[in-house]
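K.L.:
Need coordinates for the following:
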Amino acid sequence: MTSRPATAGKLPLTDLADMKQRRDRIVMVTAYDFPSGRIADAAGVDIVLVGDSAAMTVLGNESTVPATMEEMVMLTRAVTRGAHRPLVVADMPFGSFQVSDEDAVRNGVRFLKEAGADAVKVEGAGPTVSRVLALVGAGIPVMGHLGLTPQSATMLGGFRAQGRTAAKALQLLADALTLEQAGCFALVLEAVPAAVATRITEALAIPTIGIGSGRSCDGQVLVYHDLLGLYEGKSPRFVKRYAELATTIQEALERFAADVRSGSFPEGEHTYSIPDEELAEFLSGSTTESKREA
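P.N.:
Numbering: from 1, shown residues only. Next comes the predicted model:
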């Protein structure tokens, strides 16, 4: 597998299809701010997705639906300031593209012009295909998303795997091919049985990015907060935690609080000094001023 140094220039979007052909695995992480974008860049990640999962992970909502365009533009702008080499893909939140092609293009343009994103992601097929055609026709690169689509999780029966019957698996395959034909440059497959994801990946010329969809996808994505152990909600079975930073951070905050309360912080090394003669003049002046006021 070819390594991609963090110091290289912006990853060309067209390289993704070449990576699929070379069987170079694509690494994508979902992140939401400047520090995480910068760290993902330094780590050599290929794509940073600014996901509408921020509504849950960093904004405390129960689902992704409450995410707004203003919130997503702000978060995407922060990520693009830190992630220079990876492609930055902005998740189009619920309501930003479902109403009409015109709304989809208007909001897609905002992500590219105002937030500096390289592309956008939209969920689903069906009516979404028209939106993809409109976005691509306007010069906006589009990543598709099939399987478990969180914005429509209620209609899907909740946060559960999709494509577990032959009929539904065949529909996923048909939808994937339709999105490819409409111009998507890549496709996220979420919570799709591994064997079904393998068949879809083989059928497409564009790369698939899996999340809970097995090893055969052309790349994998996890949410930054999930893989680092920063999100303490219930994790899906496909999440692998590479660290437990929530515990580390809590322990650090507890030590800080204890030091403040005991008076052991700050110490001399954490403070600034003033020359003795300047201090004497300051104290003399403040004493004189106090006498005048008296």
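
K.L.:
In the stretch 151-294 of the chain, mark out all the helices, start to finish.
P.N.:
166-182, 194-203, 224-227, 245-262, 276-293 (DSSP state H, counting those that start in this stretch).

K.L.:
Need the contact partners of the second one.
P.N.:
Yep, that's helix 194-203 we're talking about. With contacts defined as CB atoms under 8 Å, 6 or more residues apart in numbering, helix 194-203 is touched by 163, 169, 172-173, 176-177, 187, 189, 192, 208, 210, 213-218. Every residue, glycine included, has its C-beta placed from N, CA and C.

K.L.:
out of the residues you listed, which are buried?
P.N.:
In terms of neighbour count (16 or more other CB atoms under 10 Å), the buried residues within the contacts of helix 194-203 are 163, 169, 172-173, 176, 187, 189, 192, 208, 210, 213-214, 216-218.

K.L.:
which sections of the stretch 101-250 of the chain are below the confidence cut-off?
P.N.:
Applying pLDDT under 70 to the stretch 101-250 of the chain flags residues 152-159, 233-234.

K.L.:
let's see 90
P.N.:
By pLDDT under 90, the low-scoring segments of the stretch 101-250 of the chain are 149-164, 231-239, 241.

K.L.:
Just send the helices of the stretch 151-294 of the chain back as TSV, with distance to residue 25 too.
P.N.:
Below are the helices of the stretch 151-294 of the chain laid out as TSV (distance: least, CB to CB, whole Å):
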stretch	distance to residue 25
helix 166-182	19
helix 194-203	12
helix 224-227	16
helix 245-262	24
helix 276-293	61
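
K.L.:
Which of the ones you listed has the highest mean neighbour count?
P.N.:
helix 224-227 (a mean of 22; mean count of other CB atoms under 10 Å).

K.L.:
With just CA atoms, put it into PDB.
P.N.:
What follows is helix 224-227, C-alpha atoms only, in PDB (Å, rounded to 0.1, in the frame of the first residue of the first chain):
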ATOM      1  CA  TYR A 224     -13.200  11.200  15.300                       C
ATOM      2  CA  HIS A 225     -14.900  11.300  18.700                       C
ATOM      3  CA  ASP A 226     -15.800   7.600  18.500                       C
ATOM      4  CA  LEU A 227     -12.400   6.300  17.500                       C
END
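
K.L.:
which among the buried ones among the contacts of helix 194-203 gets closest to residue 50?
P.N.:
Nearest to residue 50 among the buried ones among the contacts of helix 194-203 is residue 187, at 17.7 Å by CB to CB.

K.L.:
correct me, but that closest one touches residue 146?
P.N.:
Yes. Residue 187 lies in contact with residue 146 (CB atoms under 8 Å); the separation is 6.4 Å.

K.L.:
residues shared between the contacts of these two?
P.N.:
Residues touching both residue 187 and residue 146 (CB under 8 Å, 6+ apart): 176, 179.

K.L.:
So for residue 3, what's the pLDDT?
P.N.:
Note on residue 3: pLDDT of 46.

K.L.:
can you give me the strands in this protein?
P.N.:
All strands of the chain, identified by DSSP state E, fall at 26-30, 47-50, 87-91, 119-121, 142-147, 186-190, 208-211, 219-223.

K.L.:
what packs against the last one?
P.N.:
Contacts defined by 3 or more CB pairs under 8 Å, 6 or more residues apart in numbering; DSSP states H and E place strand 219-223 against strand 26-30, strand 47-50, strand 208-211.

K.L.:
Not counting that strand itself, show me its contacts.
P.N.:
Strand 219-223 has contacts (CB under 8 Å, 6+ apart) with 19, 25-30, 46-47, 49, 51, 53, 57, 188, 207-211, 231, 239-240.

K.L.:
Relative to the whole chain's centre, how far out is it?
P.N.:
With CA atoms, centre = their mean, to the nearest Å as the basis, strand 219-223 stands 10 Å off its chain's centre.

K.L.:
What of the fifth one?
P.N.:
When C-alpha coordinates are averaged (CA atoms, centre = their mean), strand 142-147 and its chain have centres 14 Å apart.

K.L.:
Also compute the angle for it relative to strand 186-190, please.
P.N.:
Using axes from the mean of the first three to the mean of the last three CA atoms, to 10 degrees, the direction of strand 142-147 lies 20 degrees away from that of strand 186-190.

K.L.:
which helices and strands does strand 142-147 pack with?
P.N.:
Counting by 3+ CB pairs under 8 Å, 6+ apart, strand 142-147 packs on strand 119-121, helix 128-137, helix 166-182, strand 186-190.

K.L.:
residues contacting residue 16?
P.N.:
Contacts of residue 16 (CB under 8 Å, 6+ apart): 26, 46, 87, 185-186, 206-207.
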